[in-house]
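Colleague: Predicted model and sequence follow; I will ask about them next.
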Amino acid sequence: MVANTMNSENRASVLLVVDGPNLFHGGLDEFPDKSIVRVDFMRLRKRAERYGDVDQAVAFVVTAPGDRSTGVIGALKRCGFDVRHKELSYHGNKVKGANCEVDVSVEVMDCVDDYDRLVLVTGSRSYVPLVDRVKGLGKRVTVMMFSSALSQDLADMADNVLPLGSSDLLQGR
């Protein structure tokens, strides 16, 4: 049974989840002339609100061990996001990586009864099973990502896609 999470105005409840590393690298793929891509997180949130009330916004970020002071964390918090940290892992002197797919999936499934629509900011094909599962539970799923970084399999699985573009970046910084 799917819980009805509509609010008193009959607006859907939205869970907005950002895979920070995927978003960052997707932006660099979309805009290869930029050395850094600064996403307007408030605009992402407002775009998600077209589907209902964003009752929870969560962003997953990767930091170097012990580093919790990056500007992106502050920007996310100012825009009302709960921030989940994941530290880069190393193998010797080489960065091994820090994918967020498992962490995002656990978060989404832990609160699946609390929302009507998932807005997932990522382009990774790794999320296809999660989107399939969430939809199988009667939820709607929207994916937001730069077109050049969006997996076609993920786009096909989602109910709809909101492509990101230059208007979703902070200008003049």
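Modeller: The structure has been received and is ready for your questions.

Colleague: Do a quick rundown of the helices in this protein.
Modeller: All helices of the chain, identified by DSSP state H, fall at 20-30, 41-48, 71-78, 101-110, 128-136, 152-157.

Colleague: Could you dump those into CSV with mean neighbour count, mean pLDDT and distance to residue 120 added?
Modeller: C-beta here means a position set from N, CA and C on the backbone, and glycine is covered the same way. Supplementary listing: the helices of the chain in CSV, determined by neighbours: other C-beta atoms under 10 Å; pLDDT from 0 to 100; distance: least, C-beta to C-beta, whole Å:
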stretch, mean neighbour count, mean pLDDT, distance to residue 120
helix 20-30, 21, 86, 10
helix 41-48, 19, 94, 10
helix 71-78, 15, 88, 16
helix 101-110, 16, 95, 8
helix 128-136, 17, 98, 7
helix 152-157, 15, 98, 9
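
Colleague: Off-centre distance for the longest strand anywhere in the chain?
Modeller: Looking only at the chain and at elements set by DSSP state E, the strand with the highest residue count is strand 53-63. Taking the mean of its C-alpha atoms, strand 53-63 sits 7 Å from the chain's own mean (C-alpha atoms, centre = their mean, to the nearest Å).

Colleague: what do you get for stretch 20-29?
Modeller: Its chain's C-alpha centre and that of stretch 20-29 lie 11 Å apart, by C-alpha atoms, centre = their mean.

Colleague: Show me what the most centrally placed residue in the chain bridges to in the sheet.
Modeller: In the chain, the C-alpha nearest the mean C-alpha coordinate belongs to residue 18, at 1.8 Å (C-alpha atoms, centre = their mean). Counting by DSSP bridges, residue 18 forms beta bridges with residue 59, residue 121.
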